[in-house]
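Trainee: give me the fold of what follows.
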Amino acid sequence: MPYLKSGGYVTLAGPATEENGVLTMSAPDLIGVQVSHFAIEGKADQRVRLRFLSADTTRDGKKTTEERAPALPFALPKGYRHIRLIYFVRSSQADHNMAIAASKTMPGMNEFTKRMHADPSVCEKRGAVSCVWVPLGIAVRAE
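Mentor: Presented below is the predicted three-dimensional model:
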């Protein structure tokens, strides 16, 4: 997650320069970044839970370890058994929109995913599946 002077999440890089084979880009609004790690765990009642593992913040070239989980810039669905990251790739693997969907059943998740690929606006509707958009500029990836 980027930290910007503007308080947003999307930074625009300035023009790239090349010197001695090294490509340098600047992002004047960027003041730091945070990388957070979470584990997704199954609970006894078959629901899933997100557990904070670690977070490192780098600002002004100084890296610090966070003791607590950071506030996420989006609400996570709660009380569901299945969670899926849904990517909408536009031009490249680095250029995408992303949603997090949660469902009580796998057939429900699969049907929702098909509907969402046909019409991304269904993410805004609530029902048997919960769905939230990850803000532009934020990356979520499963490892």
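Trainee: okay, CA-based contacts and neighbour counts for the rest of this
Mentor: OK.
Trainee: who touches stretch 106-120?
Mentor: Residues external to stretch 106-120 that are found in contact with it (Cα atoms under 8 Å, 6 or more residues apart in numbering): 82, 84, 86, 88, 101-103, 122-123, 128-129.
Trainee: can we see that at 6 Å?
Mentor: Under the criterion Cα atoms under 6 Å, 6 or more residues apart in numbering, residues 103, 122 lie in contact with stretch 106-120.
Trainee: ok, the residue nearest to A139 when sequence neighbours are not counted - contacts?
Mentor: Nearest-residue entry for A139: M1, 6.8 Å, with adjacent residues in sequence omitted and distances by Cα to Cα, 6 or more residues apart in numbering. If you count contacts by Cα under 6 Å, 6+ apart, M1 has them with 33-34, 138.
Trainee: quick one: the strands in the chain?
Mentor: Counting by DSSP state E, the chain has strands at residues 2-4, 17-19, 22-24, 30-42, 48-59, 62-65, 82-92, 95-103, 129-134.
Trainee: which strands and helices lie in contact with the second one?
Mentor: Strand 17-19 makes packing contacts with no helix or strand when contacts are defined by 3 or more Cα pairs under 6 Å, 6 or more residues apart in numbering; DSSP states H and E.
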